[in-house]
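[1] task: produce atomic coordinates for the following.
(2 chains)
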Number of protein chains: 2
Amino acid sequence: MYLGAIEAGGTKFVCAVSNEQLEIVDQVCIPTTTPQETLRKVFSFFNQYELRSMGIGSFGPIDINIQSATYGFITSTPKPGWRNFDFLGTIKKHYQVPVAWTTDVNAAAYGEYKKGSARDDASCLYLTVGTGIGGGAVIDGKLLEAFGHPEMGHVLVRTHEEDTFQGSCPYHGNCLEGMASGPAIEGRTGRKAQSLKKEDSVWEMEAYYLAQALNNYTLILRPDKIILGGGVMNQIHLFPLIRTAFEELNNAYVPVPVLEQYIVAPGLGDHAGITGCLLLASTLEVEKES
Amino acid sequence: MYLGAIEAGGTKFVCAVSNEQLEIVDQVCIPTTTPQETLRKVFSFFNQYELRSMGIGSFGPIDINIQSATYGFITSTPKPGWRNFDFLGTIKKHYQVPVAWTTDVNAAAYGEYKKGSARDDASCLYLTVGTGIGGGAVIDGKLLEAFGHPEMGHVLVRTHEEDTFQGSCPYHGNCLEGMASGPAIEGRTGRKAQSLKKEDSVWEMEAYYLAQALNNYTLILRPDKIILGGGVMNQIHLFPLIRTAFEELNNAYVPVPVLEQYIVAPGLGDHAGITGCLLLASTLEVEKES
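    Sure, this is the predicted structure:
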């Protein structure tokens, strides 16, 4: 029997199958097109295996409220065809196995908590900074979810005094995502983030915005570790800039771990999400057996 | 056998004793002076009763990390005499009973969660807006705590475009507490909050600051309910202003409950904290018996 995992992103779906030791035995990457076409390829991959349970980490927003009529749906995404798509229901119709259902960033947070940079911590927060910005958290072994899942990428930030960019978020304009996502960097500079020099002043702005968000996450959640992933964070020279800006904002107010161990890169690199999905699938298995 | 509760504030200590049905049988209010003098009065009150367990909700910051050498201490408060005071240890030396130890706002959040405005909800956040601003949260029946307790009152806010006040927070200047606490209102207007007319434009500013914080709490925690207590919130005309400002900031992005049921006053009024302390004491009792 195998564990199945789907890291469902807006650009691509990563599907993986592992044995019970969580060693991946097969993996496929499927471009995200229409739900019908995408899911057809997902099924043809998983149909090769006898699955014991599955874990899905999906792009959002998604409905995680078990009481809700649209539980398991992708809800208000602008992505064509996916709005109000019953993702979990479609999967469950095909495979009569327990399925863990959460956001892509929650799955990544869980992966990092169990096997990555936060494997020795009691809690962590994972933030992805890329096309969008999103975050998830694990506190005492549990994903942080209540009325819904977090939407940490849209917290308000103060505009940097030298920044004239108006922000790219269709909902909030100059929220964190509107000011610090990959498209925001491109909108501000006219160039892709990865083509900008390390010395470009845009990175200090980027660090200022991210540090504001990290400051607020710290004050509200007090996580043991903050893990920053996503395409923009491949610019690793950002880390020291963010730590410096964070230190200034906190001004020694709340105790935090040593910053080099507090604000860190994912231990699992790009595999945090798919690993988290497998781990969530394995958790279900344990529950089933108990 | 009785339950004991201490709601330890920077101005006064409320001490209560209840029976096992959580009915308060005796209560006293002690001014907060030196730790020695204050605790002497606390002991002479509780010495009259045979206690089964106690709950303390203390002003902070406090150390809640059981692994820490200063667990149970009040830490970096500016309050004379209380900095690095071993509050929990001093209580435990006198009473050999289990003692629950958390912040005053966490205790209030727990009280509201169990018996107050959030008694039918799976999660809630409690924010006090008074001399200082502080918050606590309960998620799935558990207080939100990780590396430390939340310090939600110090989140960053954007300065209102008509506000020239520089902020009163000694650590952050114009953070939420610096811009929206009672002293901030007084610093801005030269008058006590309770003496200002409902029509004063300062209330719209106040609502703008609080709504920004509530927006961020919502995006990060997604609580089922947000309860606003404390002296400033006795100005109940603030509630509709805050809801309106919140609605504008959220811009229909994250689903939230109907705002009249989402942003509310404490169901227990000023008794949220002491009730929470008793409830936390009773929880310990249950654990002891199991």
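[2] every contact and neighbour count from this point should use C-alpha atoms.
    Fine.
[3] what is the mean pLDDT for the lengthiest helix in chain A?
    For chain A, the helix with the greatest residue count under DSSP state H is helix A:202-221. What helix A:202-221 shows for mean pLDDT is 98.
[4] near chain B, which residues of the stretch 151-290 of chain A are found?
    A:151-152, A:154-158, A:171-172, A:212, A:215-224, A:249-251, A:253-254, A:256 (Cα under 8 Å from any Cα of the partner chain).
[5] and the helices in the stretch 1-150 of chain A?
    A:35-46, A:87-94, A:104-115 (DSSP state H, counting those that start in this stretch).
[6] now do the least confident helix or strand in chain A by mean pLDDT: everything it contacts.
    Taking mean pLDDT, DSSP states H and E as the measure, the helix or strand of chain A with the lowest value is helix A:272-289, at a mean of 84. Contact partners of helix A:272-289, identified using Cα atoms under 8 Å, 6 or more residues apart in numbering or on different chains, comprise A:3-7, A:14-16, A:18, A:20, A:22, A:52-57, A:98-100, A:104-105, A:107-112, A:114, A:116, A:266.
[7] follow-up on the earlier one: quick one, which of the residues of the stretch 151-290 of chain A next to chain B are buried?
    Listed as buried from these are A:151-152, A:154-158, A:172, A:212, A:215-224, A:249-250, A:253-254, A:256; burial here means 16 or more other Cα atoms under 10 Å in any protein chain shown.
[8] which residues touch A:Met205?
    A:His160, A:Asp163.
[9] still on that earlier bit, just the buried members of the contacts of helix A:272-289?
    A:3-7, A:14-16, A:18, A:22, A:52-57, A:98-100, A:104-105, A:107-112, A:114, A:116, A:266.
[10] ok, back up a step: centre of the chain to the longest helix of chain A, how far?
    Taking Cα atoms, centre = their mean, to the nearest Å, one finds helix A:202-221 lying 17 Å from the centre of the chain it belongs to.
[11] so for stretch A:18-33, mean pLDDT?
    97.
[12] just stretch A:161-172 next, same as before
    Mean predicted confidence for stretch A:161-172 is 96.
[13] again with stretch A:240-251
    98.
[14] which pLDDT value goes with the closest residue to A:Gly135 other than its chain neighbours?
    Nearest non-adjacent residue to A:Gly135, counting by Cα to Cα, 6 or more residues apart in numbering or on different chains: A:Leu127, 4.2 Å away. Looking at A:Leu127, its pLDDT is 98.
[15] so what's A:Leu127 up against?
    Listed by Cα under 8 Å, 6+ apart, the contact partners of A:Leu127 are A:Val105, A:Ile133, A:Gly134, A:Gly135, A:Gly136, A:Gly153, A:Ile226, A:Ile227, A:Leu228, A:Gly229, A:Gly230.
[16] count the residues that sit near the second one.
    A:Ile133 is flanked by 22 other residues according to other Cα atoms under 10 Å in any protein chain shown.
[17] the residue nearest to A:Gly135 pairs with what?
    Beta-bridge pairing of A:Leu127 under DSSP bridges involves A:Gly135, A:Leu228.
[18] phi and psi next, for A:Leu241.
    Main-chain torsions, A:Leu241, degrees, to the nearest 10: phi -60, psi -40.
[19] look up how far A:Leu259 lies from it.
    11 Å (Cα to Cα, to the nearest Å).
[20] what does A:Asn250 give?
    11 Å.
[21] just A:Asn251 next, same as before
    Taking Cα to Cα, one finds A:Asn251 at 13 Å from A:Leu259.
[22] and what of A:Arg52?
    Taking Cα to Cα, one finds A:Arg52 at 41 Å from A:Leu259.
[23] same question for A:Asp200.
    To A:Leu259, A:Asp200 is 24 Å away according to Cα to Cα.
[24] settle it for me: which of the two has more neighbours?
    A:Leu259 (17 against 10).
[25] and the more buried one, what does it touch?
    A:Leu259 neighbours (Cα under 8 Å, 6+ apart): A:Arg243.
[26] quick one, strands of chain A?
    Here chain A has its strands, by DSSP state E, at A:2-8, A:12-18, A:24-31, A:51-58, A:73-74, A:85-86, A:99-103, A:123-129, A:133-139, A:142-143, A:226-229, A:263-264.
[27] quick one: list the elements packing against the fifth one.
    By that I understand strand A:73-74. Judged by 3 or more Cα pairs under 8 Å, 6 or more residues apart in numbering or on different chains; DSSP states H and E, the packing partners of strand A:73-74 are strand A:85-86, helix A:87-94.
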